[in-house]
Every structure is written in structure tokens, then in C-alpha cells.
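Peer 1: The following block contains a protein sequence and its predicted model.
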Amino acid sequence: MRMPEPDIESIETALKSLDDQESGELAIQTAAAGVTSFCAEAALLQFVITWARRSQSSAVAIFLALDGTAERFEANLQKQLGLPYVLAAWVLATQLYDANRSVLKRREAKGFAAFLDAMDNFEFQDTHETMETRANLVCVQGSKREFIRPFYEQFKTNWRVKPEGDVRVVIQDILAQLAGNWPAKYLREVSDPLAHLVRELVENSDWWSRADHRGVEYDKGVRAVTLRLRDIDDDNLHMFAGGNTHIHSYLLHNLTTHDRVRRDELPSSHVGIVRKLSFIELTIVDSGPGLARRWLASRPENKQSVDSLAEISLHDEESAVIECFKKWRTTSGNSLRGIGLFSVASLLKKRNGFLRLRTGRLAFLFGTQSAFSDIETQLKKHDLTADYIKLKDGTHVFLQDEKMVFFLRPWSQDDLGAVEGTAYSILLPV
């Protein structure tokens, strides 16, 4: 099969068809020259991870943009490996072929080390070779440089995630490179919440994605954190929404109401004034067992090892995922933990953020104004003394002091194909 187009609907359609594929071949075409819509990058990466885990020994990746005999083969390969989903296919596939079906060797990816060097040296704009204003922080399980070094420190003989203050310094450095015109005060203002989001989700991924639900470490895996800075305006909004009504609604509301919106008068050939607003897209994806399977296998009581999600009902899977977001729920054995995902979600509300979460057979969203208004109306019919309410439409609402802190609303009412790992796509207006 071919890689799906870089939009949510196409990727979800391809995920549902994975089980019907007779072959484990995946043809990876040249990256599209146009816009990759918001939330699609995480979905593409998760699609490749799911394909590789599902196909296992028959996972054959065909790189249609590569010719192993071409003079610039190594340079072309390095450029392609700057795309996280291409790197995942290179790492996780069993066999690698170029466009002519000639065998490629994994060791030929020598140029990828330049991206890792750039990451380790805090030269974040050099962690890829695309035209985008972005930073890629990627690690490959089992490699010599497995951990995303800017976010980790060595403690005795182990690597662990740095304290939030140190992560904040890294995020400030990234933002300073992506947005060189921002004043120092605003850099600090944006980096504070972003550092908290990154640290909590990186630590969460580190705890639970390096091993399967039985606690056995994967031979191969990837974890990726990417940050992309994009300017959205009235003209390109539909491209970044990728035809998705949730994302379109969120972007349009911010273009209409956010206090940092810029209004530019363009030449007479363009009617009216164009509104512009910048967004940071934070993508965090891992190749672990997913939220439900890891919760069921590690919860304090009634542990349950689930080899396949088909062994449990969709209701049980959903309940397990929601438990991960409730305050003070933890499977780490550390009584000081248990507010990580809760704090991430509640911070998004304060910063007017948007979230797409994809794990297992589930997808949730947080952050559209229409959803806020609808949920507030529905909550008037409920007793708000509880810390959690599930509404009739399937929306999960988390409360504190009788007020909504955040919610997780089903992305759609359609049945979704099962995915491996967990993917967070977060948008923050800046």
C-alpha cells in the first residue's frame, strides 16, 4: 500500500485498511511540496509505527524518492530522514528498498548523525533539511544515542528526564531559534507553559513506551518531539485545517478573537484586510503499547495483560484511557506522581490550546469554542460536586471546585482502526 495523504481523514481511512492488506509493503512517496495540515504529522508517524508493528517480519518499506545508484543518494536520503515518519519506516521496517526495488542497507543512513549532532549541540534549526520553521527531537530505541539528550541527564548509570527548569531553558533556546524576532520577555512567557507540556509528556513517554505491556523492552522503537511554528491567515487557514472541521473551527475562532492577531492591509488585488496569527504545533509520538494497555497492565489493582485490543470491549478501553487523565491516578508506584496528564490538559485550557489525542481505537479532542459552549450548557443539568462526569454524547469532563478544568470529546462517532503507541498533537496560539 501507499502512504496516505497528509490529512487526518486519509490517514484514518488507511489505518482501517491495514488489517485487510495481504502484503506488508509500504510505498513511501516523496514528501508533498505543499502544506502538511495540523495534527497530520503525528498521525503519519503513528501510521508508520502501526504498520511496522502489525507487519513485523514482513514489513517492507519502499522509498520511492530514493535511487541507490544516484550520485546524490546520500544527500537525498539524509533529507528524507529529516521527516520523522520516514525515519520511523527506515528504523522499524524489516527490509528497505529504493524506487528500483534495489536493497538499501540501514548503515547507509550515515547522514542522519548530522541531525543528532545538531540536536545534541542545541542547533535545533539544523535537525532537518526542510524549508519549515521547526525543530525535530527524535531518538531511536536501541541506538547508541537513544535518548533525546537536550531533555535528559545522566543520573548514576541511568538517563532520566531533566527537571522542568532545565527543560524550560531548552524550550527557550528552541523558540529563540524559531522565532528570532520575539523579545526575551515573550520568549519566557511562551516557554513556561510549553516546557511544562513537553516535560510531562516526555517523562510519561519515557516511563511507558520503551517496553510493551508485559514490561519487555522493544528491540526497536522511536520517540519523537517536534515543534513547528507557522503563521496562519485568512488565505491559508483551510490548508492547515486539512479539511477537518474541528481544526478549522479552532483556527478561525482564534483568528477572530485572539489579542495577538495582526491585521495587514494588502494591495488592491486582495479584497479586505487579512488577519494573521502564529501557532506552535507540538507533536509527541511514541511507539509504545498505548495508554489503555499500559494502564490495564500496570494499574494498582486487578492488573490485566492485553495482547490485543480485540480482547477487551471499546468501553473498557475508553475507561482505561480516561483513568490516565484523572488526578492522582498513577501506575508508576510513586505517590508524588499522578497529576501529569491532568496538569497537561488543564494547562491547555488556560492557554487556549487545542489537543488531538490518538491511542488504540480511540481519538479525542480538546479546545474548540463550540465544544466549550455545548459542554457548559450540558453541565447545567449535572451535579458538579463530582470530579468527573461523562456526558450523553460521550464527552468526558474533568472538574475541580465545581468548575470544568478540561474535557476529552470523541474526535468522531466513526469506528477507528487500532493504532500502536500514543500521539499528542497540540496547538498553541502565539
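Peer 2: Received it, and whenever you're ready, just let me know what you need. Residues are numbered from 1 along each chain as shown.

Peer 1: Now do the helices in the stretch 101-250 of the chain.
Peer 2: Secondary structure of the stretch 101-250 of the chain by DSSP state H, counting those that start in this stretch: the helices cover 112-120, 164-178, 184-208, 237-241, 245-257.

Peer 1: And the first one, what does it pack against?
Peer 2: Using 3 or more Cβ pairs under 8 Å, 6 or more residues apart in numbering; DSSP states H and E as the contact criterion, the neighbours of helix 112-120 among helices and strands are helix 73-81, strand 134-140. Where you see a C-beta, it was placed from the backbone N, CA and C, and this is true even at glycine.

Peer 1: could you dump those to a markdown table with mean pLDDT, mean neighbour count and distance to E22?
Peer 2: Written out in a markdown table, the entries for these read as follows (pLDDT from 0 to 100; neighbours: other Cβ atoms under 10 Å; distance: least, Cβ to Cβ, whole Å):
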| stretch | mean pLDDT | mean neighbour count | distance to E22 |
| --- | --- | --- | --- |
| helix 73-81 | 92 | 18 | 27 |
| strand 134-140 | 95 | 23 | 29 |
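
Peer 1: among these, which is nearest W159?
Peer 2: Evaluated over these, closeness to W159 peaks at strand 134-140, with 10.2 Å, by Cβ to Cβ.

Peer 1: Could you list the paired strands of that closest one along with their orientation?
Peer 2: Partner strands and pairing direction for strand 134-140 (DSSP bridges) are strand 222-233 (antiparallel).

Peer 1: residues near V48, how many?
Peer 2: The number of residues packed around V48, counting by other Cβ atoms under 10 Å, is 28.

Peer 1: actually L251, not the one I wrote
Peer 2: Going by other Cβ under 10 Å, the residues that sit close to L251 add up to 25.

Peer 1: Is it in contact with M239, as I believe?
Peer 2: No. Applying Cβ atoms under 8 Å as the test, L251 and M239 come out as separate, 10.5 Å apart.

Peer 1: Among the helices of the stretch 101-250 of the chain, which comes closest to T385?
Peer 2: Distances from T385 to each of the helices of the stretch 101-250 of the chain were compared using Cβ to Cβ; the shortest belongs to helix 184-208, at 27.4 Å.

Peer 1: Can you list the buried residues in the closest one?
Peer 2: By neighbour count, with 16 or more other Cβ atoms under 10 Å as the criterion, the buried positions of helix 184-208 are 187, 190-191, 193-208.

Peer 1: ok, now which ones touch the nearest residue to A176 once chain neighbours are set aside?
Peer 2: Taking Cβ to Cβ, 6 or more residues apart in numbering as the measure, A176 lies nearest to L187, with 6.0 Å between them; neighbours along the chain are not counted. When the contact criterion is Cβ atoms under 8 Å, 6 or more residues apart in numbering, the partners of L187 are 172, 175-176, 179.

Peer 1: What of V285?
Peer 2: Taking Cβ under 8 Å, 6+ apart, we find V285 in contact with 42, 45-46, 49, 84, 222-224, 421-424.

Peer 1: And the pLDDT at it?
Peer 2: As predicted, V285 sits at a pLDDT of 97.

Peer 1: Using the three-state scheme, assign it.
Peer 2: Reducing the assignment at V285 to three states with DSSP: H, G, I helix; E, B strand; the rest coil gives strand.

Peer 1: how close does it get to P163?
Peer 2: The gap separating V285 from P163 is 24 Å, by Cβ to Cβ, to the nearest Å.

Peer 1: Please report the distance of the residue nearest to A99 when sequence neighbours are not counted from Y97.
Peer 2: Sequence neighbours aside, L64 is the residue nearest to A99 in space, at 4.9 Å (criterion: Cβ to Cβ, 6+ apart). In this view, L64 and Y97 are 10 Å apart by Cβ to Cβ.

Peer 1: and those two? which has more neighbours close in?
Peer 2: Set side by side, L64 and Y97 give different neighbour counts by other Cβ under 10 Å, the larger being at Y97 (19 against 15).

Peer 1: mind checking pLDDT for that one?
Peer 2: Confidence per residue is given as pLDDT, and for Y97 that number is 97.

Peer 1: Bridge partners for it, pull those for me.
Peer 2: Under the criterion used here (DSSP bridges), Y97 is bridged to I62, V103.

Peer 1: Now do the same contact list for it.
Peer 2: Under the criterion of Cβ under 8 Å, 6+ apart, the neighbours of Y97 are 60-63, 103-104.

Peer 1: Name the member of those residues that has the highest neighbour count.
Peer 2: A61 (26 neighbours).

Peer 1: Double-check that residue against V91; I have them as touching.
Peer 2: No. Under the criterion of Cβ under 8 Å, A61 lies out of contact with V91, with a separation of 9.7 Å.
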